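Chemist: predicted structure and sequence below. I'll ask about it afterward.
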Amino acid sequence: MQHLFLTCYPPWLLSTLASNESEVLASSSAFIADSADSEEAKPHLRLTPQQAGSPAGRRLLVGETRTVTHHPFYARPVAPSARARRSPLLDERYACPRPTSRVRVIPRVSVPLPFSNACILNDVAFSSRGCRGISLDEWTKLAEKGRTYLGIDDPHASVDELFSREGRPLFQSHWPGYDTRTCYLDMPAHVNTGERAFTKVDLLDMVCQALVDWVLKVTNCRQIECREPEWAIGLKQITFRHIYVTSVVEVKGYVSKWVPVLEIDPRAFQTQCQL
């Protein structure tokens, strides 16, 4: 035989607990807001190749794994009628804590450029799902399907005002240990014919295709040696999956040129240290 026990609470106890509910909700909201602010306020770290390959750098990468927790007394608001029918001690509003989420932030190594910010006339930045830059590996996979517009945020934003339709933009890439590569890039056919505007994804496709061609050339040609071994391009060194295109900047000069701003996954340098 099963027995059912009911506990009755006096009205003064229910009113006291109900009055404290607003304080509990206020404190939990403040705690969650503070946690979110602390996560967003932490700047994105950048390492040098020497730091990325050192034991201290590896410890830093591991230390960048951050745990985000939620207040254990987080409560869901309910109607006043439901509040009057049951005791807050037994209320389903006081559920188990939300599961802990782990966010890993990998600091990247910036590819150095031979000019200062004062030389930059214009800057077109790329982001992917809210994060800075897009990896060259992801772009190549999307390019095979003709869907590179899925790789960046706001891909169809017009950049027509930055480029002249009468000529081809001058492209220049810089990489430590290799000669500077300078060439003219062909504008898309739909831009030359005036069918559509020149957009961010068009610019991304031009720049990434030029970078892919150069990486493949350096990888396949053994006669091209890197004067700075830690920056060497190769199958077991730095390759597509390590390179991120964060923006393209216009640099003033006798002839203005467009230069990609790149970042490298630091794990590429760790792999070289282990060889």
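Modeler: Okay, I see it.
Chemist: now Arg168: closest residue in space that isn't a chain neighbour?
Modeler: Of all residues not flanking Arg168 in the chain, Tyr184 sits nearest, at 4.2 Å (CB to CB, 6 or more residues apart in numbering). In short, each C-beta sits where N, CA and C put it, glycine included.
Chemist: low pLDDT regions in the stretch 151-275 of the chain?
Modeler: 271-275 (pLDDT under 70).
Chemist: quick one: the helices in it?
Modeler: 189-192, 200-220, 267-274 (DSSP state H, counting those that start in this stretch).
Chemist: extract the CA atoms of stretch 237-256 and return them as CSV.
Modeler: Output in CSV follows, covering the C-alpha atoms of stretch 237-256 (Å, rounded to 0.1, in the frame of the first residue of the first chain):
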residue,chain,number,x,y,z
GLN,A,237,54.2,22.6,-42.6
ILE,A,238,51.8,25.6,-43.2
THR,A,239,49.0,24.7,-45.6
PHE,A,240,45.4,25.7,-46.5
ARG,A,241,43.9,24.7,-43.2
HIS,A,242,46.2,26.9,-41.2
ILE,A,243,45.7,30.1,-43.2
TYR,A,244,42.9,32.6,-42.4
VAL,A,245,42.0,35.6,-44.6
THR,A,246,40.8,38.3,-42.2
SER,A,247,40.7,41.3,-44.6
VAL,A,248,42.1,43.0,-47.7
VAL,A,249,43.6,46.5,-47.4
GLU,A,250,44.3,49.1,-50.1
VAL,A,251,47.9,50.4,-49.6
LYS,A,252,48.8,53.8,-51.0
GLY,A,253,51.8,54.3,-53.2
TYR,A,254,52.9,55.3,-56.7
VAL,A,255,50.2,52.8,-57.7
SER,A,256,47.7,51.7,-55.0
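Chemist: for Trp175, see how far away Val212 is.
Modeler: Val212 sits 14 Å away from Trp175, going by CB to CB, to the nearest Å.
Chemist: oh, that last question was meant for Ile224, not what I typed.
Modeler: 11 Å.
Chemist: the domain parsing of this protein - what is it?
Modeler: Listed by automatic domain parsing, the domain ranges of the chain are 11-104, 109-274.
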